[in-house]
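Enquirer: just coords:
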């Protein structure tokens, strides 16, 4: 499910043309040497979605989608922040627990949730949306929260909320990029040492949002304060 603009005047071709032109212009601006990891930080400064805007977008998504929406800052090596919209599950969510926004129950093992995860670029007014499954597992006395993203949105149960989410982005002047169109490397760009770090070639998504492969699974272990006492 990559195209979400079937009702747009001018059809898919017009929408895609504008999207690809915006991507090309942004890549030229941010990477004048056309080489991975040689981003012009000055060109990206102030050009993306700010943390305050991200928090406001999370509030707007929560209202429109009638769902929990959690705004999370990106990691130091990422050039995006995130909004997680809980679509299957109930609060307190695993993302809230992972981010230490709520007090965790003694046991979260076996909990499974499904989200729409929005990456908001901090170097361009662009966003991408992924379907993300999140579950909790126990590893001995340690509990971990596992985040498994897919390269797009595929589950039909997410379609209605996905379309509403894209509409919220448009209302806030943030361009939504169809994920299936930003998986491949940009033409004519030098990947540098990306393959040595991540074992693949960097796609457009990696130049605009985050360095890790889009389907990379991440496990976060909860602090010991969240664990039940030893028996």
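Expert: On my side now, so go ahead. In this text the structure is predicted, and so the values were computed from the model without any measurement.
Enquirer: From here on, just use CA atoms for contacts and neighbour counts.
Expert: Fine.
Enquirer: which secondary structure elements does the top strand by length along the chain contact?
Expert: For the chain, the strand with the greatest residue count under DSSP state E is strand 126-139. Packing contacts for strand 126-139, counted by 3 or more Cα pairs under 8 Å, 6 or more residues apart in numbering; DSSP states H and E, involve helix 94-98, strand 112-121, strand 142-149, strand 175-176.
Enquirer: so can I have a markdown table of these showing mean pLDDT, distance to residue 168 and mean neighbour count?
Expert: Formatted as a markdown table, the helices and strands packed on strand 126-139 follow (pLDDT from 0 to 100; distance: least, Cα to Cα, whole Å; neighbours: other Cα atoms under 10 Å):
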| stretch | mean pLDDT | distance to residue 168 | mean neighbour count |
| --- | --- | --- | --- |
| helix 94-98 | 94 | 22 | 21 |
| strand 112-121 | 98 | 12 | 24 |
| strand 142-149 | 92 | 22 | 20 |
| strand 175-176 | 97 | 10 | 20 |
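Enquirer: which one of these lies closest to residue 216?
Expert: The closest approach between residue 216 and any of the helices and strands packed on strand 126-139, judged by Cα to Cα, belongs to strand 142-149 at 6.9 Å.
Enquirer: contact partners of the helix or strand following that closest one?
Expert: Going down the chain from strand 142-149, the next helix or strand is helix 159-171, by DSSP states H and E. If you take Cα atoms under 8 Å, 6 or more residues apart in numbering as the criterion, helix 159-171 is touched by 4, 57, 60, 61, 64, 65, 116, 127, 153, 175, 176.
Enquirer: what helix or strand does the third one sit in?
Expert: Just to be clear, that refers to residue 60. Here residue 60 sits within helix 51-65, counting by DSSP H and E.
Enquirer: average pLDDT across that helix?
Expert: Across helix 51-65, pLDDT averages out at 98.
Enquirer: what's next to the following helix or strand past it, contact-wise?
Expert: Heading C-terminal from helix 51-65, the first helix or strand you meet, by DSSP H and E, is strand 69-72. With contact meaning Cα under 8 Å, 6+ apart, strand 69-72 is reached by 54-55, 58-59, 61-62, 81-86, 95-96, 99.
Enquirer: need the helix or strand of this structure with the lowest average pLDDT.
Expert: helix 11-30 (a mean of 85; mean pLDDT, DSSP states H and E).
Enquirer: in that one, what's buried?
Expert: Neighbour-count burial for helix 11-30 flags 15, 16, 19, 23, 26, 27, 29, 30 (criterion: 16 or more other Cα atoms under 10 Å).
Enquirer: just the buried members of the contacts of helix 159-171?
Expert: In terms of neighbour count (16+ other Cα under 10 Å), the buried residues within the contacts of helix 159-171 are 4, 57, 60, 61, 65, 116, 127, 153, 175, 176.
Enquirer: what's whatever helix or strand comes next after the least confident helix or strand of the chain packed up against?
Expert: Under the assignment DSSP H and E, the closest C-terminal helix or strand after helix 11-30 is helix 41-44. Judged by 3+ Cα pairs under 8 Å, 6+ apart, helix 41-44 is in contact with helix 11-30.
Enquirer: Would you mind getting the angle between the helix it packs on and strand 126-139?
Expert: 80 degrees (axes from the mean of the first three to the mean of the last three Cα atoms, to 10 degrees).
Enquirer: Helix 11-30: how far from the chain's middle?
Expert: 19 Å (Cα atoms, centre = their mean, to the nearest Å).
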